[in-house]
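Visitor: Provided below for reference: sequence and predicted model.
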Amino acid sequence: MANVLVWAVWVVAAFSCLASGIAVVSFANPFFSALALIGNLASLAVLYLLLSAEFVAAGQVLVYAGAVMVMFLFVTAYLGGRADAPWAGGPTWQQFGAVLAAGAILVEVIVVIGLKAGGRLSHEAKIDAGFGSPHRIGRVFLTDHLLAFEITSVVLLVAAVGAVILGAHSRGDRVPGHVSGPGRGTWPEET
Amino acid sequence: MRGPDVPWYLAVAAFLFATGALGVLLRRSPLIVLLSLEIMLNGANLALIAFSRLHGESSGQIFALAVMAVAASEVVVGLGLIVAIARKRLDLDVDKLSILRG
């Protein structure tokens, strides 16, 4: 009975995950795409829970569906909804190539995993109740993977500083210390 | 393990990755390219967590958390670039932003 229930939850989560992923790619308005990505992240969090990765699921909802997507929605609202229909003007060779390349990636991944590890993937290791809990993850993160933890914090700091510098440069054309000659500050339009 | 085995999760991860790759290649709005990149990263994350469950090893989840942090930094820098481009009154279209092309 519990098995059927888990399967049902998995089917709902996986299909809403794939459907919202396709919706993100195919919506013309970036605002709706961002909203669809929130659904995608939430259903992924359900899949993480089914894989008994509770802490990552909570982090996914907090960091991604919370912070990152709010930032996305703010920027989308700030820039205004510029609709950009993916299939406008009929299919071109670029779009044909894009679909072909994405299909090739999918086939490659499935074939490689199926050939290399096909038989071994159905024997999961036995895990105890604490697997994936904040306690366990925190212990592993701050002992075995302390260097990764520290480097992650440095990466976040560098990204924040870089974003501040980008914002400062884009505020005006005259940046202190820069000589502004003719044509500087505005990029020439494509001819 | 109750419910589906690990290969089912890997199939979902592969589909997600391919969907994101399709969006990155197909769309011209840089905002949607960033959103599709997020889908690709999440597909990779799902595969990492599925393998972590397969081996009963927490390191995969640590890697997934690191990927989430890198994705957050990538979004910060990407959105900063997009806002900078929009303030220069340039078109938000990755096909037209070809000024760096040699």
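Guide: Thanks, I have the structure now.
Visitor: okay, now the unreliable bits of chain A?
Guide: Applying pLDDT under 70 to chain A flags the ranges A:81-90, A:118, A:169-191.
Visitor: same thing but 80
Guide: A:1, A:80-92, A:114, A:116-125, A:169-191 (pLDDT under 80).
Visitor: any idea of the mean pLDDT for stretch B:32-51?
Guide: Averaging pLDDT along stretch B:32-51 yields 93.
Visitor: quick one, helices of the chain?
Guide: You didn't say which chain, so I picked chain A. A:2-26, A:30-50, A:54-59, A:69-79, A:93-117, A:134-143, A:146-171 (DSSP state H).
Visitor: that answer is for a different chain, and I need it for chain B
Guide: Using DSSP H, helices in chain B cover B:6-26, B:30-55, B:59-87.
Visitor: dump those into a markdown table; add distance to chain A and mean neighbour count as well.
Guide: C-beta coordinates here come from the backbone N, C-alpha and C atoms, glycine included. Below are the helices of chain B laid out as a markdown table (distance: least, CB to the nearest CB, whole Å; neighbours: other CB atoms under 10 Å in any protein chain shown):
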| stretch | distance to chain A | mean neighbour count |
| --- | --- | --- |
| helix B:6-26 | 4 | 23 |
| helix B:30-55 | 4 | 23 |
| helix B:59-87 | 3 | 19 |
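Visitor: can you lay out these as a markdown table showing distance to A:Ala129?
Guide: A markdown table is the format used below for the helices of chain B (distance: least, CB to CB, whole Å):
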| stretch | distance to A:Ala129 |
| --- | --- |
| helix B:6-26 | 20 |
| helix B:30-55 | 14 |
| helix B:59-87 | 16 |
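Visitor: give me whichever of the helices of chain A is most buried.
Guide: helix A:30-50 (a mean of 23; mean count of other CB atoms under 10 Å in any protein chain shown).
Visitor: chain center to that one: distance?
Guide: 9 Å (CA atoms, centre = their mean, to the nearest Å).
Visitor: got the angle for it vs helix A:2-26?
Guide: Angle, helix A:30-50 to helix A:2-26, by axes from the mean of the first three to the mean of the last three CA atoms, to 10 degrees: 160 degrees.
Visitor: which helices and strands sit right next to helix A:30-50?
Guide: Applying 3 or more CB pairs under 8 Å, 6 or more residues apart in numbering or on different chains; DSSP states H and E, one finds that helix A:30-50 contacts helix A:2-26, helix A:54-59, helix A:69-79, helix B:30-55.
Visitor: of these, which is nearest A:Ser153?
Guide: helix A:54-59 (14.9 Å; CB to CB).
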